[in-house]
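Asker: Sequence and predicted model, in that order:
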Amino acid sequence: MIQISQLSKRYKNAEEYSVLGLDLQINEGEIFGLLGPNGAGKTTLISMLSSLIKPTSGHFSINGLTFQKNGNQLRQLIGIVPQEYALYPTLTAYENLYYLGSMYGLKGRQLKEKINFHLEVLGLEKFSRKKLDTFSGGMKRRVNLIASILHDPKVLFLDEPTVGVDVQSKNVIIDHLKKLNTLGTTIVYTSHHLNEAEQFCTRVAIIDHGKIIVEGAPKDLISQHPESHNLEDVFLTLTGKALRDHA
Ligand SMILES: Nc1ncnc2c1ncn2[C@@H]1O[C@H](COP(=O)(O)OP(=O)(O)OP(=O)(O)O)[C@@H](O)[C@H]1O
């Protein structure tokens, strides 16, 4: 479904590549996790795949379509949940979702029903008429998620969808994503939560310095590293324990 070939990104004025010559295939129906230390290139990769930024070189296609040739078609096919909230603080949750849903050509009763359905499943129906700036981080994350799935995307890209939220919100988000996946949505997400990724993902790629250092099903990666009991052990074995601070 997603074919990535020799994809690279070097930001303007940057000395080094943030993603370098990356090859990857993600199949339909997968829940694919992009994992890696701070600065590894996860956001850069997922931002290219969701057309938020342009690659420096290389290419990729989704269902055989490319943004260069089939931009409008692709934008209907994918959903994007960025790290930053793409929401209006002074509008209510419902108003935000109505506005964002209408950008995908949805309208009227169909849009209303979809918004109400997702608000209810994600535990937000009581707050639908409250302004976004009164919401907690976990509530905003859930609204952010709804905004990206109203048009029933076939592929959903999420950049750290469970960062900074409590365990309750995290569980609701992950459960909803699993449900969407069983209904046919392919999921590609970045995360620092290795336990979560181990349970949630069909396959993961561990990225460091802009390159994939290993990919596979979490179970297979753990069994390939006999000293590892879980995905976090594999991660530390492969990426080391040194801090990745930079300024
Ligand atoms: N707009 C930008 N301009 C220049 N360099 C950037 C820009 N965005 C990211 N970088 C650099 O690219 C590299 C990869 O960053 P990226 O945000 O993709 O990593 P990440 O794996 O998502 O990290 P984190 O886990 O901290 O979110 C880093 O060295 C970062 O400093």
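Answerer: Structure received.
Asker: Show me the strands in the protein, by range?
Answerer: For the chain, the strands defined by DSSP state E cover 2-9, 19-26, 31-35, 57-62, 78-81, 155-159, 186-191, 203-208, 211-216.
Asker: quick check: angle from the longest helix anywhere in the chain to strand 31-35?
Answerer: If you go by DSSP state H, the chain has its longest helix at helix 167-182. When axes from the mean of the first three to the mean of the last three Cα atoms, to 10 degrees is applied, the directions of helix 167-182 and strand 31-35 differ by 130 degrees.
Asker: heads up, I number from 3, so please use that
Answerer: Fine by me, first position is 3 from now on; the one you just mentioned is helix 169-184.
Asker: What helices and strands are in contact with helix 169-184?
Answerer: Contacts defined by 3 or more Cβ pairs under 8 Å, 6 or more residues apart in numbering; DSSP states H and E place helix 169-184 against strand 33-37, helix 110-123, helix 139-151, strand 157-161, strand 188-193, helix 196-202. Backbone N, C-alpha and C define where each C-beta goes, glycine included.
Asker: and those as a markdown table, adding distance to the ligand?
Answerer: A markdown table is the format used below for those (distance: least, Cβ to the nearest ligand atom, whole Å):
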| stretch | distance to the ligand |
| --- | --- |
| strand 33-37 | 8 |
| helix 110-123 | 26 |
| helix 139-151 | 16 |
| strand 157-161 | 8 |
| strand 188-193 | 6 |
| helix 196-202 | 13 |
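Asker: could you dump these to CSV with mean pLDDT?
Answerer: Formatted as CSV, the helices and strands packed on helix 169-184 follow (pLDDT from 0 to 100):
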stretch, mean pLDDT
strand 33-37, 97
helix 110-123, 95
helix 139-151, 93
strand 157-161, 96
strand 188-193, 96
helix 196-202, 94
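Asker: Serialize the ones you listed to JSON lines and add fields for mean neighbour count.
Answerer: Converted to JSON lines, those look like this (neighbours: other Cβ atoms under 10 Å):
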{"stretch": "strand 33-37", "mean neighbour count": "26"}
{"stretch": "helix 110-123", "mean neighbour count": "15"}
{"stretch": "helix 139-151", "mean neighbour count": "21"}
{"stretch": "strand 157-161", "mean neighbour count": "24"}
{"stretch": "strand 188-193", "mean neighbour count": "24"}
{"stretch": "helix 196-202", "mean neighbour count": "18"}
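Asker: Turn the ones you listed into TSV, including distance to residue 169.
Answerer: Formatted as TSV, the helices and strands packed on helix 169-184 follow (distance: least, Cβ to Cβ, whole Å):
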stretch	distance to residue 169
strand 33-37	19
helix 110-123	18
helix 139-151	10
strand 157-161	18
strand 188-193	15
helix 196-202	10
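Asker: can you tell which of the ones you listed is closest to residue 178?
Answerer: helix 110-123 (6.1 Å; Cβ to Cβ).
Asker: residues in contact with that closest one?
Answerer: Outside helix 110-123, the residues that touch it by Cβ atoms under 8 Å, 6 or more residues apart in numbering are 95-96, 99-100, 103-104, 108, 127, 130, 148, 151-152, 178, 181.
Asker: now stretch 79-98
Answerer: Residues from elsewhere that reach stretch 79-98 (Cβ under 8 Å, 6+ apart): 45, 52, 54, 64-65, 67, 101-102, 117, 121, 126, 129-135, 137, 141-143, 145-147, 149-151, 153, 155-163, 165, 187.
Asker: which residues sit in contact with the residue positioned nearest the centre of the chain?
Answerer: Central residue of the chain (Cα atoms, centre = their mean): residue 160, 1.4 Å from the mean position. With contact taken as Cβ under 8 Å, 6+ apart, residue 160 is in contact with 48, 83, 147, 150, 179, 189, 190, 191, 192.
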